[in-house]
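**Q** What shape does this take:
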Amino acid sequence: MRHRRCYLNDYMRNHLAMQFTQHFLHTPLFKTSKRIACYLPNDGEMNLQLVIEQIWKMNKTCYLPVLNQLNHRQLLFAQYNTNSRLRKNKFGIPEPIVPTRDTFHALNLDLVLVPLVAFDGQGNRLGMGGGFYDRTLAFMSQREVWLKPKIYGVAYEFQQVSAIRKKAWDIPMHGVLTEIKQYDIA
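**A** Numbering: from 1, shown residues only. I've put the predicted structure just below:
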């Protein structure tokens, strides 16, 4: 799936990102969310730059994941705006340069958009293998219902597979967003 995702040329990647943005901006999920965590694309992931620009225009707040300085195996989230300075983390992924005191736990967000390699119809995702999002969102396994944050994977439609074997530590998503559809998981 990673090869297939990386194989997309720039024209197709931009076209699909535009389709994704047009679809996503009309969803109730976007309209009702004020504090939205996005990501900057890596390894052929769906580019959310157009979504981020709309978040700014609509006076919502955009956040990006940053490696937790106290626990390098988890993520925190930092506000991201047009004035944010970025630096690459140890994985080569740009993140905002902010002091730890200015970062937020996922529990403070309305919506977390999560990149993925593959997904299935049961809300399971295959990530890059580091487990960062699962550890960061592990608090969600403490009870059955959380009002926030909503966790949605972001993928190209072709990344859907019939089934992904769930591991004990996997945190299921509320759904997945692609360039043509929103898959909600009950």
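
**Q** can we go C-alpha only for contacts and neighbour counts from here?
**A** Noted.

**Q** In the protein, mark out all the strands, start to finish.
**A** 35-37, 61-67, 75-80, 86-88, 94-96, 103-104, 111-115, 118-119, 125-126, 150-154, 175-177, 182-184 (DSSP state E).

**Q** Make CSV out of these and add distance to Asn9, mean pLDDT and mean neighbour count.
**A** Listed next are these as CSV, based on distance: least, CA to CA, whole Å; pLDDT from 0 to 100; neighbours: other CA atoms under 10 Å:
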stretch, distance to Asn9, mean pLDDT, mean neighbour count
strand 35-37, 26, 98, 23
strand 61-67, 25, 97, 23
strand 75-80, 27, 97, 23
strand 86-88, 24, 96, 12
strand 94-96, 22, 96, 21
strand 103-104, 35, 95, 18
strand 111-115, 19, 96, 23
strand 118-119, 19, 92, 24
strand 125-126, 23, 82, 22
strand 150-154, 19, 95, 24
strand 175-177, 21, 95, 24
strand 182-184, 24, 92, 16
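
**Q** could those strands go into TSV alongside distance to Met46?
**A** Converted to TSV, the strands of the chain look like this (distance: least, CA to CA, whole Å):
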stretch	distance to Met46
strand 35-37	14
strand 61-67	15
strand 75-80	18
strand 86-88	19
strand 94-96	15
strand 103-104	24
strand 111-115	8
strand 118-119	12
strand 125-126	15
strand 150-154	7
strand 175-177	10
strand 182-184	15
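
**Q** And these: which comes nearest Met12?
**A** Among these, the nearest to Met12 by CA to CA is strand 150-154 (16.4 Å).
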